[in-house]
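Peer 1: Sequence first, then the predicted structure:
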Amino acid sequence: MMSKPGTGDTFPDIAMEAPDGGSVKASDFAGQKLVVFFYPKDNTPGCTTENIDFSALKSEFDAAGVALLGVSKDGPKKHQNFIAKHDLKAPLASDAEENGLSDALGIWTEKQNYGRTYMGMVRTTYLVGPDGKIAQVWDKVKVKGHAAAVLEAAKAL
């Protein structure tokens with residue numbers, strides 16, 4: 001098991017599928033700050049709130065020169081529906097089923113809930129500097145106030 005990339009490490013450049021069928025990866029944002037927020041599942045309460053919060057602040061992230069990207073393992077069609085249903089502004093990407101970006105980051109992992117063990121996404125956010133290196137990591141994110149805290153850190157970078 002590789003150690004999880006952390007602050008100062010280069011953010012992995014692994015392509016993901018965009019809802020429109022194109023692809024997106026970290027190097028597409030070279031030279032600008034990038035926030036990549038990973039969340040477990042479209043249309044679940046915490047994930048919906050997190051996406052709405054980032055969308056509400058998107059103009060402020062834009063003004064600060066910070067790109068946003070939300071990532072889950074949900075497929076492009078599910079992302080399209082999620083975006084339309086909640087009028088989301090932050091772009092989304094679908095991580096690969098296997099050996100995707102979340103695997104490389106060590107945040108697609110075994111989880112337990114009500115005695116059931118399953119693979120799932122650990123809600124994690126990465127702030128990546130213009131140099132492609134990880135500037136800050138938020139592990140096991142609590143949604144309330146998170147997008148605003150990330151915006152402040154991104155502005156300070």
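Peer 2: Great, that's in hand.

Peer 1: give the contact list for the residue of the chain most remote from its centre.
Peer 2: No residue in the chain sits farther from the centre than residue 115, which is 27.2 Å out by C-alpha atoms, centre = their mean. By C-beta atoms under 8 Å, 6 or more residues apart in numbering, residue 115 lies in contact with nothing. (Glycine included, C-beta is placed from N, CA and C.)

Peer 1: Ranking helices and strands of the chain by mean pLDDT, which lands last?
Peer 2: Of all helical and strand segments in the chain, the minimum by mean pLDDT, DSSP states H and E falls on strand 108-113, at a mean of 91.

Peer 1: Give me the buried stretch members for that strand, please.
Peer 2: Residues of strand 108-113 classed as buried by neighbour count (16 or more other C-beta atoms under 10 Å): residue 108.

Peer 1: One more: stretch 73-91?
Peer 2: Under 16+ other C-beta under 10 Å, the buried positions of stretch 73-91 are 73-74, 76, 78-79, 82-83, 88-91.

Peer 1: how about JSON lines for these, with distance to residue 7 and pLDDT added?
Peer 2: Listed next are these as JSON lines, based on distance: C-beta to C-beta, whole Å; pLDDT from 0 to 100:
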{"residue": "73", "distance to residue 7": "25", "pLDDT": "97"}
{"residue": "74", "distance to residue 7": "28", "pLDDT": "97"}
{"residue": "76", "distance to residue 7": "31", "pLDDT": "96"}
{"residue": "78", "distance to residue 7": "32", "pLDDT": "97"}
{"residue": "79", "distance to residue 7": "29", "pLDDT": "97"}
{"residue": "82", "distance to residue 7": "30", "pLDDT": "98"}
{"residue": "83", "distance to residue 7": "31", "pLDDT": "98"}
{"residue": "88", "distance to residue 7": "28", "pLDDT": "98"}
{"residue": "89", "distance to residue 7": "28", "pLDDT": "97"}
{"residue": "90", "distance to residue 7": "23", "pLDDT": "96"}
{"residue": "91", "distance to residue 7": "24", "pLDDT": "97"}
